[in-house]
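S.K.: how would this look folded up:
(one chain, ligands or ions: 1)
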Amino acid sequence: MLKELIDQFYIENQKNRDQTKFYITDAGKCPRSVFFKFKNAPREPIDARLMRIFERGENMHRSIFNILYRLRLGVVTEIPIPSQEIVSGRADAILCLPTGQAGIVENYVLDIKSINSMIFRKMTEPKEDNVFQIQLYLHFFNIKKGILLYIDKDLQEMKEFFIDYDEELCKSLLAKFDTLKDQVDGDILPARLEDYPKNWQCNYCAFKDVCKAVNPDKMSWEDFKKKMESAE
Ligand code: SF4
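M.R.: Modelled structure (predicted):
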C-alpha cells in the first residue's frame, strides 16, 4: 500500500512535460521523437521507478556541486545559456582550473552524467550525445574547454573526458535544430531514424507505438493524425 502511495506521488508531481522550445539535451536525439514531444503525441506513461532514478542522479549532481564549492574552483553552477531564439539549456557548472603555469587559470564547462555500472565499465570514450550537448554549452558560453564527468551510480566510481570546442560540429548541430524547427512549425513529421528499430533510442522511446503505426518517411502531421484516428 505504501509503495503504491509513493508511486502515485511521483506520478502526480511530475513536471509539466509539454515542450515548447528546444533544449540542449535534444541535441543528438531522434528528431521524430522531439517533434512528437512538441505536438504532445500519445506516449507511454512515465514510470515512477524511472522518476526516482532521475531524482537520484540529480541528488548526486548536488553532492558534486557541494564538493566543487569547497574546493574553491571558482565555481558557478546550473547556469542558463545566454538567451537566443533556438535553444535553451543549463550547464551544470563553470569551473576555473589551474593550467600548470603559475597563477594562470582556465575556464571549463562541466557536465555531469550519472550512468549505470554496466555502461560505465565498458566506457572508453564519452557518449556521442553527451559530446553534442557539452559542445553547445561551450559554444554559447564562448569557452574553449569542457569536462564530461561520468559517475557510476551503483559503485560511485568516476571517469572524466576533456573536450575541446569544435565550431564546425556546433554549426551542424544548430543547423539541425533549425531544420527541425521548420518541421515543427510546418507540421511535417520527420522520418524515423535510419537504423530504426535497432538504434538504442528506439528501445527507450516513449513514442515507439505511434512511430511504428505510421509511415517511416516524412509525412504531414495532419495525415498522421487522420491515420491515428482511423486506427482507434
Ligand atoms: S521509435 Fe525510434 S525512430 Fe521512432 S520516434 Fe522513437 S526514437 Fe525515433
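
S.K.: which residues touch the residue most central in space within the chain?
M.R.: Central residue of the chain (C-alpha atoms, centre = their mean): Thr25, 2.7 Å from the mean position. The contact partners of Thr25, by C-beta atoms under 8 Å, 6 or more residues apart in numbering, come to Gly89, Gln133. (Each C-beta comes from the backbone N, C-alpha and C, glycine too.)

S.K.: Now the phi/psi pair for it, please.
M.R.: The phi and psi torsions at Thr25 (degrees, to the nearest 10) take the values phi -70, psi -10.

S.K.: Okay, now the sheet partners of the longest strand anywhere in the chain, with direction.
M.R.: Within the chain, and with DSSP state E defining each element, the longest strand by residue count is strand 105-115. The strands beside strand 105-115 in its sheet (DSSP bridges) come out as strand 90-98 (antiparallel), strand 145-152 (parallel).

S.K.: Name the residues of it that are buried.
M.R.: Of the residues in strand 105-115, those with enough neighbours to count as buried (16 or more other C-beta atoms under 10 Å) are Asn107, Tyr108, Val109, Leu110, Asp111, Ile112, Lys113, Ser114, Ile115.

S.K.: got the contact list for the last one?
M.R.: What it means is Ile115. For Ile115, the residues meeting the contact criterion (C-beta under 8 Å, 6+ apart) are Met123, Tyr150, Ile151, Asp152, Lys153.

S.K.: Looking at those residues, spot the one nearest Met51.
M.R.: For Met51, the closest of these turns out to be Lys153, at 14.8 Å, with distances computed as C-beta to C-beta.

S.K.: Please tell me I have it right and that closest one contacts His61.
M.R.: No - taking contact to mean C-beta atoms under 8 Å, the distance of 11.1 Å between Lys153 and His61 leaves them out of contact.

S.K.: Now for those two: what residues contact both?
M.R.: With contacts taken as C-beta under 8 Å, 6+ apart, Lys153 and His61 have Ser114 as neighbours in common.

S.K.: Might you enumerate the residues of the protein proximal to the ligand?
M.R.: Taking C-beta under 6 Å from any ligand atom as the measure of proximity, the chain contacts the ligand at 30, 32-33, 192-193, 196, 199, 201-202, 205, 207-208, 211.
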